[in-house]
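J.: Quick one, what's the 3D model for this:
(chains A and B)
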Number of protein chains: 2
Amino acid sequence: MSDAERWRELGQQLRVDSIRAAAVTSSGHPTSSMSAADLMAVLMSKYLHYDFDRPDDPRNDHLVFSKGHASPLLYSMYKAAGAIGDEELLTFRQFGSRLEGHPTPALPWVDVATGSLGQGLPYGVGIALAGKKLDRLPYRVWVLHGDSEMAEGSVWEAFEHASFYGLDNLTVILDVNRLGQRGETMHGWDLDSYANKARAFGWHAIEVDGHDVEAINRAYGEAAAQQGQPTVVVARTLKGKGVKEVEDKGGWHGKALDHPEESVAELGGERHIVVQVPKPEKGEPHTFDSTGPLQLPSWQRGDEVATRRAYGEALAALGSARGDVVALDGEVSNSTYAEIFAEAHPDRYFEMYIAEQQMLAAAVGLQVRDWVPFASTFAAFLTRAYDFIRMAAISRANIRLCGSHAGVSIGEDGPSQMALEDLAMMRAVHGSTVLYPSDPNQTARLVVEMADREGIVFMRTTRAATPVIYDAGDEFPIGGSRVLRQGDDVAIVAAGITLHESVKAADRLIAEGIDARVIDLYSVKPVDVETLRAAAEATGGRILTVEDHWSEGGIGDAVLEALSDDGELPPHVVRLAVREMPGSGKPAELLAAAGIDADHIAQAARALVGAAVPS
Amino acid sequence: MSDAERWRELGQQLRVDSIRAAAVTSSGHPTSSMSAADLMAVLMSKYLHYDFDRPDDPRNDHLVFSKGHASPLLYSMYKAAGAIGDEELLTFRQFGSRLEGHPTPALPWVDVATGSLGQGLPYGVGIALAGKKLDRLPYRVWVLHGDSEMAEGSVWEAFEHASFYGLDNLTVILDVNRLGQRGETMHGWDLDSYANKARAFGWHAIEVDGHDVEAINRAYGEAAAQQGQPTVVVARTLKGKGVKEVEDKGGWHGKALDHPEESVAELGGERHIVVQVPKPEKGEPHTFDSTGPLQLPSWQRGDEVATRRAYGEALAALGSARGDVVALDGEVSNSTYAEIFAEAHPDRYFEMYIAEQQMLAAAVGLQVRDWVPFASTFAAFLTRAYDFIRMAAISRANIRLCGSHAGVSIGEDGPSQMALEDLAMMRAVHGSTVLYPSDPNQTARLVVEMADREGIVFMRTTRAATPVIYDAGDEFPIGGSRVLRQGDDVAIVAAGITLHESVKAADRLIAEGIDARVIDLYSVKPVDVETLRAAAEATGGRILTVEDHWSEGGIGDAVLEALSDDGELPPHVVRLAVREMPGSGKPAELLAAAGIDADHIAQAARALVGAAVPS
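T.: This is a model prediction of the structure:
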C-alpha cells in the first residue's frame, strides 16, 4: 500500500470508530469528527512526533483539539496509536470513563481541557511560547480548529500573539466543514476569508482540500518548514464525510448517527490499523539557573507600602531563586508591578498586551510544560478571562493570578477599574485558592506559597500604600488567618484595605470600653474555620465582616459558609460591603460612601454589641 | 477664519481643557486626550449630528469613547458644545461629580460606560444594528478607538459582525498614538497593519494623519458616503500632541501634566469657542406591530417539559404581543430554544454566532435605543462575557440574559458545558436579578416579568425535561418564592432541577414521619427573606439548601445572606452543592455523584432533624 492509501484507510477507521463510540450512549459529535478524520490520519502517521508511552516526555509534540466536541476522533486516534483499546473506546461518555464528552487531562495525552470553543489556539500559543522561549526544544504544537469557533475574539488574540512572537512551531489545522451547530457559519466554504485574515495577522496560510491526503501531506510539510511565522492550513471538508445520510447535511451537529452499523458498513467496515506514530526528536529542555537561595524583600513597621508593589518585588526575588518561575502581564505591568520581574528576568517575562484571554491561556499553556506562571492585571479585568479560568480548573492547571486595584479604594478612576466581584468569581472556581493580603511582608510570603500551590491560585492586591503591620519572616500559611487585636465583645473580620480600617476602628472602640477582636482573613479560600469559630464563641456569636467588594460572594459569604458548614451553632454575622454603585473620588471618600471605613465599622460594631445574640 | 482654521483652534481648546480638567485632582489621561483632539474637533464641527438639548432624540448620532480614559477630551467636547460649563468641567474626578474618571451614563450624553478597553466598538455594533435593522433611521455611530485596545479579541468579534451585517452607519476612528500604558504597542505607527486587518474583515479602511484636519475632513466624508460596509479611519497621531514635555514620550500615560499652566500657554492659552454641533436629520423610528394581547403558552400537570423550551416559547409569545422585544443568541439557538423566537420574529432576531462578548455588547447597544433585548447561550459560556456584564451594570443597562444547560444535570457532555458558577457570577453584579425556574408555566411568567425589570436580569434554565408542577396563570413575582410542601421538621430550599429532587425526597420523608417543607427559591436575587425566616422559625432553625452549582456564591449563600442580614437569630443551614469536578455520565448518575439527588437530600434532612439546633 502507498502512504496515501494507508492514510485514506486510517481516515476511514477514524470515522468508523467515531461513529461506534458515539453509538454507545447515543450522544456525541461523530459528524464533526468525520470531517477532520483525513486531516488527523496524515498528521498522526507522519507529522506528529509523540511517544504515547511517555506522555510527559518534554520532547513530545502537542496536539490540542480546540474543537473538543470532536472527542470521538481524538479517542479513535488514541486507539489507532495503540494507547487505548477498543473496549475502552466504547466506554465513551459513560459514567466513570476517562473518555469524557469533551477531552480533559483525566487522559494522560490531553494537555488542556477543551469544549468551550475558541480556547484551543490560545492554549497552543502558550505551549508554543514554552517551546520556543523557555524549553528551547523543536517540538511542534498542532491545533485542530473548527470554523464556527473562528468567530470567538480569543482566536484573534491568539493569531496576533503567535505572529508577534514568531511562533513557527505552531500550526493550526482549520477544519472548514461549513456547518455550525444550528446552521451555516458566516463564511461557509469561503476559504479565502479565513486565509486572508490569517495573512493580515502575519501568518502563513495554505488552502487545501481536507479530504485529499496528498494535498494535506504537502501542506503539513510546508507548515513544518515555515520559518519565523506560524501557519494555518485552511482545509475544505465535509461534515459527516463518507456517510450519505449525514454528509454535508444540516441538523446533524452533536448527534449520534441513526444507523451506526449501516454507516460503518458504508465506510467499508471496521479496521484494525495500528499506527507507528513518529517518536519525538532528541534534545533536552533548557533550564534557567537559580542565583541562589530565596532572598525575599522585607519592609519595616512604620513604612507604607502597597501590596501590589510587594507582589512585584517578591515575584522578582522568587524568580531569582527559582528558574522555573515565569511571569505574564496584560500591558499594565507598571501598575501591577510585574515590571519588576520583567526587568530582572526578561527571558522569562511575556508581555501579553491588552488581551486577558490570551494571557490566561498562555499561563495554562506554559504550565503544561511544568513552568510556574504568574499572570497579572487589574483584578477587574480578570473578569474578561473568566471562561478561561473556569476551563483552567477543568484542565487541572496550576496557575497563579494576581489582580491589582481591588475595590472602591482605588479612587478617582471610577467603577470600570474597580474589582468588586473578583472574590465571588474566583471563589466559585473548583479547587481555587483566594488570597487577599494587607501587608507587604505578608504579600511576599504568600507569593512564595503560591508557587507550589496546586490549582487556580488568585491573589488580590491593593492600589494604595498601606502601613506595614507584620514583620519580615512572619509565616502566613494558606488556610490560616491572623488575630491582630484581641477582644471578646465583637470580632471584626477583614482583609486588605478594610483590615487597616478595622484596626483603626478597634483602637477607637477600646477607648469606649468595647474590646474588638480583629481577624486578618488573608486566606479567603480555604478559610480558617477554627479561628472564626473561636471568635464566635468568645464574642457570644458577634461577628462583623468588612470588605471592599460587592456584598455577594466575598469575605462575608466565606465567613457565613465556614460558620454554617462546621455543624456548630451559627453566630450572628453582620456584613459590611459595597452595596451602591461607586463613582470617582478620593479613596477615603469612597470608602466612607460605601460604609466600609473605620467610622462605619466602629458604628456597626457598637450596634452588634448591643444586639440580641444566640444564647 | 476658514473651516480648517476653526477646527485647528477647536482642537487646541480641547487639549487645553483636557489639561485643565486633569490638573484639578492631578489625575486622568490628558495625553491620551490630546492625541485625538483634532479628530474630535472635526467630528463635532461637521459630522456628528446631535442635539445636546435632547439626548434622547431617537435621530441623534451616537458617539462612543471606547478609549474611555480619554474622558477629559469627551468632557471638553461637552463644554465646547455648550452642554456643560467650565465650572463643571473642573469638577472632573471629584467626589460627587458626574464627570467620572471614565464616562458613564450618569451623564445624559453618554450611552454606555467605557473604561474596560475593547468594549466600545462591540457596543457601537449593537447601536448600529438598532439603527439599521430596527429603528431604520439614518443616524450614525462613531467610535473613538485606541490602538492598544485593538489587541482585545472582542474588537475582532465586532469587526466581523459589523461587516457581516453591512453596518455602513458605523465608523471607527482609530487613534494610533503608538504608546500604550507601559510602552509601545505591538504595531507602533504601522497603520497598514491595522488597515489590512480591517480590510480582511470586510471593512473599508482609510489612513490619515490624525493632526491634518483637512485630511480628517476628507476621510469622514468618505466614511459617511460608504455603502454596504463599515469604515475605519486609521489616524496617525502623537500622544500628548502640542506640549513638548510630553509629546510622543513614554511614561506619561494616565498622568496629569507637571506644569499645566505652562502647557496651556504653549498651546496658545484658553479659548472659549462654542461649536454649533449639527442637528440630527429628520425621521421617525420604525416600530413593530403587536399582534394583540399576550398569549402565553401553557402546559398541563403530568407533562414533562424543559424550562429552556418554555423560555423559547414564552419569548416568542412575548415578541408577538410586544414589538419592542428583540432576541440574540450565540449560535446555540436550537439548544436554548431562542430559535422559536427567531422563526416567529426574524426581523427582530440577531444571530451572534459564537461570539458571546459581542452578543452581550449588542444587547447593551440595542437597549441604548430602548429596545428590550433577550440574549441567550449556555450559561457556562456567559462566563466568556463577564467583563461585559460587569460593565453593563455600570452602563445602567437593562438587558435580559438566559443561560441554559445549568449544572451537572446536563449529563454526557461533561464539565466544559456545565454552568456551575453562573449564580455566583450573576449575583455579584450590581443591581442584578437572578431567576431559576423549575417549571415551564413558571418560566413563561418570569420571561414576561424580565421584560419590564430594570438592570441585568438573568434566567438559568435546565436542559432536561422536568415535570409540570404549577398551573398556567399562576403568578411568580420576582422576589417571591413558593412553598411546595408544608412541614415543620426541616425546610428544604432548592430551585430548578434540585427542586424536583427535593420534592421526591420530601415525599419519601413523610413516610418516615418527617415533615419537610419544600421551598422553591425561583427568585435567587432578590430573595424572599420572609418565607425563609418563617421556615427557620417553624422548623426550629433547620434549613437545607440544595443546588446544582458549586458550593460558593449560589443558592446556599443567598439563603445564608438573607437569614444573616435580617438581624434575627441565624438558623442552622446545611448546604448541599457540587463539590467535586464532575465527568460525563447520565444526569441521574451525576446528580447522585454530586450528592444533590433525592437520596442525598433525604439523608441530609434526616441528619439535620437529629442535629443540635439553636435554642
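
J.: what's near enough to touch residue A:516?
T.: Residues in contact with residue A:516 (Cβ atoms under 8 Å, 6 or more residues apart in numbering or on different chains) are A:485, A:487, A:489-492, A:505-506, A:509-510, A:605. In short, each C-beta sits where N, CA and C put it, glycine included.

J.: how close does it get to chain B?
T.: According to Cβ to the nearest Cβ, to the nearest Å, residue A:516 and chain B sit 19 Å apart.

J.: now swap in residue A:438 and tell me
T.: The spacing between residue A:438 and chain B, counted by Cβ to the nearest Cβ, is 22 Å.

J.: can you check residue A:12 too?
T.: Distance from residue A:12 to chain B, by Cβ to the nearest Cβ: 26 Å.

J.: One more: residue A:302?
T.: Separation of residue A:302 from chain B (Cβ to the nearest Cβ): 26 Å.

J.: so how many other residues sit close to that residue?
T.: By the measure other Cβ atoms under 10 Å in any protein chain shown, the count of residues near residue A:302 is 7.

J.: With adjacent residues omitted, what lies nearest to it?
T.: residue A:468 (6.8 Å; Cβ to Cβ, 6 or more residues apart in numbering or on different chains).

J.: swap in residue A:91?
T.: residue A:97 (3.8 Å).

J.: So that neighbour sits against residue B:584, correct?
T.: Yes - assessed by Cβ atoms under 8 Å, residue A:97 is found in contact with residue B:584 at 6.8 Å.

J.: Neighbour count: the two, which is higher?
T.: Per other Cβ under 10 Å, whichever of residue A:97 and residue B:584 has more neighbours is residue B:584, with 31 against 20.

J.: related to what we said a few turns ago, can you pull the phi and psi angles for the residue nearest to residue A:91?
T.: phi -70, psi 150 (degrees, to the nearest 10).

J.: contacting residues for it?
T.: A:88, A:91, B:583-584.

J.: what comes into contact with the one helix or strand residue A:31 maps to?
T.: Using DSSP states H and E, residue A:31 sits within helix A:30-34. Helix A:30-34 is contacted by residues A:14-15, A:18-19, A:21-22, A:67, A:69-73, A:76, A:146, A:177, A:238-243, A:246, A:252-257 when judged by Cβ under 8 Å, 6+ apart.

J.: And the residue nearest to residue A:302, how far from residue B:299?
T.: 64 Å (Cβ to Cβ, to the nearest Å).

J.: With residue A:134 instead?
T.: 58 Å.

J.: do residue A:531 as well
T.: 51 Å.

J.: which one is the residue of the stretch 151-300 of chain A found nearest chain B nearest to, not counting chain neighbours?
T.: Closest approach between the stretch 151-300 of chain A and chain B, counting by Cβ to the nearest Cβ: residue A:153, at 2.5 Å. Nearest residue to residue A:153, sequence neighbours excluded (Cβ to Cβ, 6+ apart): residue B:153, at 2.5 Å.

J.: Let me know the pLDDT of the one you found.
T.: You'll see residue B:153 listed with a pLDDT of 98.
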